[in-house]
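Chemist: Okay, structure incoming, though there's no sequence with it:
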Ligand code: GLP
């Protein structure tokens, strides 16, 4: 079932996404949750930190799973997914290291690293909630166009659009050689999936994700097949649909 919600502003959208995270934790304090890095979730993180400070959200028993990472980068690297998440969410909340499952994208054997994540997630019983942003080419995590809906964690070859758009996370021109990411199958199997988007630039990809053909050439279209998917957008990101 696909729930589509349009909010007047980015702030409203961020509060709504935070509501989903908080209500998941209220129902299941030891939930396994995956939240993305990137620009889109920053407002949601601010809201979650606020609620944590006010005693309205308790993250102490949950497990946080990282969605994706650029190959060769770790938490010390400016612009890495892990660094953005540490800065914007994990450190301010005070997550303990044993609560966090994240790819080591500097591992010598990245395929073995993906298998480690797959096994760990399976042992945790899978994801209760995954929150996702959407790429300008319709990617989810770093599942690029053409990725099978059947994949778990894997090494991803980056699409030229991802390499270009990804520059926004770095201070200067950065060579992005590939990624590691949870797979589309993880997303399909997550008990609840939230896809967030903000801004006019995302309007065409949101329209295609929600109304276009369900196809592996456009990974975000899988939301239409998910049993409990919520697409939450601000009015600008909905503008190609309204
Ligand atoms: C990036 C990341 C994704 C992210 C998406 C949207 O390339 N790999 O995990 O969700 O693209 O990013 P943003 O929210 O910055 O637009």
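Modeler: In hand now; what should we look at? All values reported here derive from a predicted model rather than from experimental measurement.
Chemist: Does residue 170 touch residue 78 like I think?
Modeler: Yes: the criterion here is CB atoms under 8 Å, and residue 170 meets it with residue 78 at 6.8 Å. For the C-beta atoms, the positions are set from N, CA and C on the backbone; glycine is no exception.
Chemist: Pull out the buried residues from the top helix by length along the chain.
Modeler: Counting residues, the longest helix found in the chain (DSSP state H) is helix 10-27. Applying a neighbour-count criterion of 16 or more other CB atoms under 10 Å, one finds 10, 12-18, 20-22, 24-25 buried in helix 10-27.
Chemist: Same check on stretch 172-185?
Modeler: For stretch 172-185, the neighbour count (16+ other CB under 10 Å) marks 176, 178, 179, 180, 181, 182, 183, 184, 185 as buried.
Chemist: ditto for stretch 41-61
Modeler: By 16+ other CB under 10 Å, the buried positions in stretch 41-61 come out as 41-49, 51-52, 57, 59.
Chemist: What helix or strand is residue 161 located in?
Modeler: Assigned by DSSP states H and E, residue 161 belongs to helix 160-165.
Chemist: just to revisit the earlier point, Throw the buried residues of stretch 172-185 into TSV and include distance to the ligand, thanks.
Modeler: Compiled in TSV, these are given as follows (distance: CB to the nearest ligand atom, whole Å):
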residue	distance to the ligand
176	9
178	12
179	7
180	11
181	7
182	10
183	13
184	13
185	16
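Chemist: Go through the residues you listed and flag which are in strands.
Modeler: Judged by DSSP state E, the buried residues of stretch 172-185 include 179, 180, 181 as members of strands.
Chemist: Let's have these in TSV, adding pLDDT.
Modeler: Output for these, formatted as TSV (pLDDT from 0 to 100):
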residue	pLDDT
179	98
180	98
181	98
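Chemist: mind listing the strands for this structure?
Modeler: Assigned by DSSP E, the strands in the chain fall at 2-7, 32-35, 63-66, 68-70, 100-101, 129-132, 154-156, 179-181, 192-197, 229-234.
Chemist: Off-centre distance for the last one?
Modeler: Centroid separation for strand 229-234 versus its chain: 13 Å, with CA atoms, centre = their mean, to the nearest Å.
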